[in-house]
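A.B. asks: below are the sequence and a predicted model; questions follow.
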Amino acid sequence: GQQVMQIPQYQHVQEGEDFTTYCNSSTTLSNIQWYKQRPGGHPVFLIQLVKSGEVKKQKRLTFQFGEAKKNSSLHITATQTTDVGTYFCAGRRPSGNKLVFGAGTILRVKS
Amino acid sequence: DTGVSQDPRHKITKRGQNVTFRCDPISEHNRLYWYRQTLGQGPEFLTYFQNEAQLEKSRLLSDRFSAERPKGSFSTLEIQRTEQGDSAMYLCASSKVAGGLPYEQYFGPGTRLTVT
């Protein structure tokens, strides 16, 4: 079945450093979504990428969708303590309607 | 509050008992999803509805699990004869669909189930 892998599992950065998490799917995706889950909270939607090679920015966050639509990345510039949480990617196959989530990358920021 | 709500927020039950959880989606959302999340993992798809029709159910879901959305509004998820392995956070999410394209999913706070 479809699998979505995320790396790294965990990253601990100094405030002000950059952070990147990578997402890889075993199958081609129709679109990919990114969610953030704060400790003790529920996933909150960040962005959806649909087009091959798409790049979207939200303030300090940059999202990319690979040319083959099988991988994606989230990059945070100059992390802040408010960025802590777990970042999940979730992919949807062209033939399906369900989202398959990766295991997430836990981000901790030292101030 | 017009977000997704879930009830109860916590449930402790003994092995073998039945439990039922409720989800109230955002009112104009026609899609409703159920997920299960365990520690260190992402949400795992269980099932989803479009209006009152249950369109997909995970193959991982045993026949002890059943979900309904009778009037296309709120939904219930029932687990019969609970097992310790059912202990997890059960998340509900809702979304709109327009022109065949799904929008982002809005998650509720979840129901944390502990089976003793």
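C.D. replies: Received the coordinates, thanks. Residues are numbered from 1 along each chain as shown, chains lettered A, B, ... in the order given.

A.B. asks: nearest residue to residue B:66 other than its sequence neighbours?
C.D. replies: residue B:78 (5.1 Å; CB to CB, 6 or more residues apart in numbering or on different chains). Just so you know, the C-beta spots here come from the backbone N, C-alpha and C atoms, and that holds for glycine as well.

A.B. asks: does the one you found sit in a helix or strand, and which one?
C.D. replies: strand B:75-79 (DSSP states H and E).

A.B. asks: buried sites along that strand?
C.D. replies: Of all the residues in strand B:75-79, those buried under the rule 16 or more other CB atoms under 10 Å in any protein chain shown are B:75, B:77, B:79.

A.B. asks: surely the residue nearest to residue B:66 is in contact with residue B:65?
C.D. replies: Yes: applying CB atoms under 8 Å as the test, residue B:78 and residue B:65 come out as touching, 7.3 Å apart.

A.B. asks: and stretch B:38-46, what's buried?
C.D. replies: In stretch B:38-46, counting by 16+ other CB under 10 Å, buried: B:42-46.

A.B. asks: ok, now how distant is the residue of chain A found nearest chain B from residue B:55?
C.D. replies: Closest contact between chain A and chain B, by CB to the nearest CB, is at residue A:101 (3.2 Å). For residue A:101, the distance to residue B:55 equals 19 Å [CB to CB, to the nearest Å].

A.B. asks: for the two, indicate the residue with more neighbours.
C.D. replies: Neighbours of residue A:101 and residue B:55, each counted by other CB atoms under 10 Å in any protein chain shown, are more numerous for residue A:101; the result is 23 against 12.

A.B. asks: show the pLDDT at residue B:1.
C.D. replies: Looking at residue B:1, its pLDDT reads 53.

A.B. asks: correction: residue A:65
C.D. replies: Per the predicted model, pLDDT is 98 at residue A:65.

A.B. asks: before we move on, the earlier item: and which of the buried residues of stretch B:38-46 is nearest chain A?
C.D. replies: Closest to chain A, out of all of the buried residues of stretch B:38-46 and judged by CB to the nearest CB, is residue B:42, at 3.2 Å.

A.B. asks: for the closest one, give me the pLDDT.
C.D. replies: For residue B:42, the predicted pLDDT is 96.

A.B. asks: which residues touch it?
C.D. replies: A:4, A:88, A:90, A:101-104 (CB atoms under 8 Å, 6 or more residues apart in numbering or on different chains).

A.B. asks: report the two of the residues you listed separated the most.
C.D. replies: Largest separation among these by CB to CB: A:90 and A:103, giving 11.2 Å.

A.B. asks: below-threshold pLDDT in chain A: ranges please.
C.D. replies: A:1 (pLDDT under 70).
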